[in-house]
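Participant: fold the following, please.
(chains A, B and C)
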Amino acid sequence: MRNLINILDLSTEEIQGLMDTANDIIAHPAAYAEKCRGKKLATLFFEPSTRTRLSFEAAMYELGGNVLGFSEAASSSSAKGESVADTAKILSCYADIIAMRHPKEGAPYVASLNASIPVINAGDGGHNHPTQTLADLLTIYREKGRLDHLTIGLCGDLKYGRTVHSLLEAMSRYEGIKVVLISPEELKLPSYVKKGVLVEKGVEYIQTTSLEEAIPELDILYMTRIQRERFPSEEEYFRLKDSYILTPEKMQAAKADMCVLHPLPRVNEISVAVDSDPRACYFKQALYGKYMRMALILKLLEEADKPEKPEPDEGLYLRNVIKCRNSRCITTTEQELDHVFKLVNREHDLYRCIYCETKEKYHGI
Amino acid sequence: MRNLINILDLSTEEIQGLMDTANDIIAHPAAYAEKCRGKKLATLFFEPSTRTRLSFEAAMYELGGNVLGFSEAASSSSAKGESVADTAKILSCYADIIAMRHPKEGAPYVASLNASIPVINAGDGGHNHPTQTLADLLTIYREKGRLDHLTIGLCGDLKYGRTVHSLLEAMSRYEGIKVVLISPEELKLPSYVKKGVLVEKGVEYIQTTSLEEAIPELDILYMTRIQRERFPSEEEYFRLKDSYILTPEKMQAAKADMCVLHPLPRVNEISVAVDSDPRACYFKQALYGKYMRMALILKLLEEADKPEKPEPDEGLYLRNVIKCRNSRCITTTEQELDHVFKLVNREHDLYRCIYCETKEKYHGI
Amino acid sequence: MRNLINILDLSTEEIQGLMDTANDIIAHPAAYAEKCRGKKLATLFFEPSTRTRLSFEAAMYELGGNVLGFSEAASSSSAKGESVADTAKILSCYADIIAMRHPKEGAPYVASLNASIPVINAGDGGHNHPTQTLADLLTIYREKGRLDHLTIGLCGDLKYGRTVHSLLEAMSRYEGIKVVLISPEELKLPSYVKKGVLVEKGVEYIQTTSLEEAIPELDILYMTRIQRERFPSEEEYFRLKDSYILTPEKMQAAKADMCVLHPLPRVNEISVAVDSDPRACYFKQALYGKYMRMALILKLLEEADKPEKPEPDEGLYLRNVIKCRNSRCITTTEQELDHVFKLVNREHDLYRCIYCETKEKYHGI
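Facilitator: Just a heads-up that it's a prediction; the model follows:
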């Protein structure tokens, strides 16, 4: 069974394949209108996310399929204490493919281990949101004609913004990528992303606190929301917030063919006056997200019928030896779930939780 | 793009056209079963209204289309602070037509200004609810064979009942309409409706507090609910409430072909014992509402593909000069929304908020 | 109009017919994929029950139909005080068949008295849940090849578990059924079920507190959840709970072809380690539930078009003479609903509420 839990589950060839399909859908929508006739998508949203949910639903309907599910945990059996594993097993009786949103990190992975149908991660807490990244990639590809040799600015909350981390992971696999990290000091990109992604893959990057200074060089500007509560103080918030709001004035310094992206919903980090600028691509991005989800649903349903490739277990695992300390990890709430860590660095005795990817040191072996 | 925000957006010819289509659907439902194949209706209900929502959904399904959306704000992106304008823009990527319910007056109008697909107002606070009025009109037309030369009694809460105001606006365009306004003193029809609709259009009307006295003259009796909290006191409520409850006894004094309408849901303002009276038309009215929504969806989708007629801007507008003081106006919550007023009476310096239609005097120009 | 309110509404021949249809659907799903094209199921869930709701939705989609409805009361018109009777009448305008879940006992029966389309009880408080029983029966039939001559163990909360009571009612109609009742003292099968079902139908039964002792004899083990709050004290709970948890160890003493059933969701009453045992049938049971719902929808829609058989009123009824004292009865909340009791035992002056089936003595006649 193929699932999509993390954007890195897909090779660059597979991403190119999804983009090719999406482009073909855009060009010939009628050819896809009956592709999923009789198929059902389950949208299991344990926390609300209207835009993502409706994008998946629109995608499935445009393929001729049906949709069932729930839009918040209160309406679900989990309110009665059902485990994610059981929900995944039962939904495998009712649907052909699952899109799951969950506040706990690793929940869709747990679902994928238990479902007999493909599972798509539609966002698991602050962890992964691979279909957002697919939307970002198609937008860049359609607007710039390529995914390599681009200077990409990422602006706003780079510390907690999972869409930023996923996009960096995805883009770091292409050649000639330069990254400009634009954020207040307090919300800088975490060093584990800087080291683990940018340094590891040899991606050139600079850090700055000034959007105005950075903007002239950029091919892509990826804006994100800064939540007020992320700032150390109210004063700091009011002092800084305007510097990270994109306005028509700041746009004047940008290249004529720069693209502005935003994962949406926005609150006020992009002025409404920018919407009419032809470089504003964030509503197109929402549209492209639908087409990438269509391509993804098609690919996973197709591969669901193929015999499973046995995954060679090359790693060294700790099962119920140490516990994950991440309070947002699915292991903190799921009943009877083994705590499993995989060795990722033998020299440093470093293990990684297979659900939420939090790293732990362990010397006991 | 054609939208339906206010019942007066439709000419009497267009209303007749919708009724003709609805009657044809009733006569030949199979001919319409595939009309919207591949189309999607977005039901964006920022507050719950099951009956209206399910009526729209049933309408779209009977046309062969699909439905996506949400049934309350808690499940929507607005909980994250997204503006109505952005929601409308994004939903334009996911659906072909929008039905929007919102607690703020003017919200569907804001949506219509930003969507690239048609928007239907499915109720905006106490302001407009045009598809209810379409249901009312078809019920009268089918039961009485005409919309003119009728004596219409409106009973209950005439002060806050928006369905009453909209029905009066719609009926005042037909000839020979007599109106009997039946309500407690405290809940009389507001004078701006009396003057602005009945007097302005020369509609004959009388006011009374007695349903029993009024009933023998009526061709149509339009009942509405009186909410307990509308009364000045508990005593007043208990003294008066029974006079405005329709019972089999009161029905005895009515014409043999009078029709009883009610926008539903009812609580106790019509006794259940009246349901079996052949003059009780309120459940038929719910059914006719579905057919009018089908006719409306068909009409708006058809006109969505036609080139837009440029709207001649003949008015004089104030943009961000005065602010709307109506606390239920969408301008009180929507980010970056201009406060716009249109001159409606030059002699009295009277302007009207383009969103909620609240009037203001302004002498500054 | 045929409805399904109580499992006993169906004769054993009709249950066999539904199982035959379900088996045919399992064998030839494509033959059913368009059977309900253009039909609409209304899922009216006044309290959340994801699994049951999604099972109905999946069933309708696999028949080619559509689904509309709500998943909790907060999103429904009942929040505005609408009666169940009115909701049923209005939904009859929007859908072709209703599946209703309601916290009040007898609510789906009230709906069936008012709807002009078939009503399926999808669970009314602790009262009835006939489609769960249909799922149970098909599971037993497919796994054991018969519904008669079986030894059935029921384990857990036999006092409040409505699925247990319904299953006993259904199974007591087959020959050669032996029942083993396994529960703590405090949660024993109520004597009205023992007398009214087992003794009345001459079903052989024994009672025990030990799952371990009972398990070797069983053909079927029906597990249910014991809610902590059902126990007289915390100590009692901790002392007893493990004895009613099914583990691989306990399974070792069971027959090689025993079947384990559970209505789901489970919390911890069946260890996850049992899931991989081929005798674990509870996820299959969820799947079979979907097929029985498909068969039921087909049957009721088919019979909806047939002329109604007049039901001979043979009973003696009390109308508004005594009131139902069951606080969970729909008569406690529904407006203008007659209190109706039917004589069930003349010798003892025993009457039964027609909605929730609570019995009352009345000597006044």
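
Participant: when you work out contacts or count neighbours from here on, use the C-alpha atoms and nothing else.
Facilitator: Will do.

Participant: where do the helices of chain A begin and end?
Facilitator: Using DSSP state H, the helices of chain A run over A:12-27, A:50-62, A:84-94, A:107-114, A:130-144, A:162-171, A:191-193, A:211-214, A:234-240, A:248-252, A:282-304.

Participant: packing partners of the third one?
Facilitator: Contact partners of helix A:84-94 among helices and strands, from 3 or more Cα pairs under 8 Å, 6 or more residues apart in numbering or on different chains; DSSP states H and E: helix A:107-114, helix C:50-62, helix C:282-304.

Participant: swap in the shortest one?
Facilitator: Identification of packing neighbours for helix A:191-193 by 3+ Cα pairs under 8 Å, 6+ apart yields no helix or strand.

Participant: check which residues of that helix are buried.
Facilitator: A:V193 (16 or more other Cα atoms under 10 Å in any protein chain shown).

Participant: out of the helices and strands packed on helix A:84-94, which gets nearest to C:A85?
Facilitator: helix C:282-304 (19.0 Å; Cα to Cα).

Participant: mind checking if the closest one is in reach of chain A?
Facilitator: Yes. Helix C:282-304 is in contact with chain A by Cα under 8 Å from any Cα of the partner chain, via C:283, C:286-287, C:290.

Participant: how distant is that helix from the center of its chain?
Facilitator: 13 Å (Cα atoms, centre = their mean, to the nearest Å).

Participant: so which elements touch that helix?
Facilitator: Short answer (3+ Cα pairs under 8 Å, 6+ apart): helix C:282-304 packs on helix A:84-94, helix C:12-27, helix C:50-62, helix C:130-144, strand C:259-261.

Participant: around chain C, pick out the residues from the stretch 151-300 of chain A.
Facilitator: Checking the stretch 151-300 of chain A against chain C by Cα under 8 Å from any Cα, there are no hits.

Participant: so where's the stretch 151-300 of chain A shaky on pLDDT?
Facilitator: Counting by pLDDT under 70, the stretch 151-300 of chain A contains no low-confidence range.

Participant: number of nearby residues for whichever residue of it sits closest to chain C?
Facilitator: The nearest approach of the stretch 151-300 of chain A to chain C comes at A:I297, 18.2 Å away (Cα to the nearest Cα). Neighbours of A:I297 under the rule other Cα atoms under 10 Å in any protein chain shown: 26.

Participant: what does A:N345 give?
Facilitator: A:N345, neighbours per other Cα under 10 Å, totals 11.

Participant: what sits against it?
Facilitator: A:Y351 (Cα atoms under 8 Å, 6 or more residues apart in numbering or on different chains).

Participant: who's it bridged to?
Facilitator: Under the criterion DSSP bridges, A:N345 forms beta bridges with A:L350.

Participant: show the model's pLDDT score for it.
Facilitator: A:N345 is assigned a predicted lDDT (pLDDT) of 88.

Participant: include distance to C:R37 when you put the helices and strands packed on helix A:84-94 into a markdown table, please.
Facilitator: Formatted as a markdown table, these follow (distance: least, Cα to Cα, whole Å):
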| stretch | distance to C:R37 |
| --- | --- |
| helix A:107-114 | 32 |
| helix C:50-62 | 9 |
| helix C:282-304 | 12 |
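
Participant: excluding chain neighbours, what is closest to the residue nearest the centre of chain A?
Facilitator: For chain A, the residue lying nearest the average C-alpha position, counting by Cα atoms, centre = their mean, turns out to be A:H129 (2.2 Å). The spatial neighbour of A:H129 that comes closest, neighbours along the chain excluded (Cα to Cα, 6 or more residues apart in numbering or on different chains), is A:G123 at 4.3 Å.

Participant: what's the neighbour count on the residue in the stretch 101-250 of chain A that chain B sits nearest to?
Facilitator: Closest contact between the stretch 101-250 of chain A and chain B, by Cα to the nearest Cα, is at A:Q227 (10.5 Å). Residues within reach of A:Q227, counting by other Cα under 10 Å, total 14.
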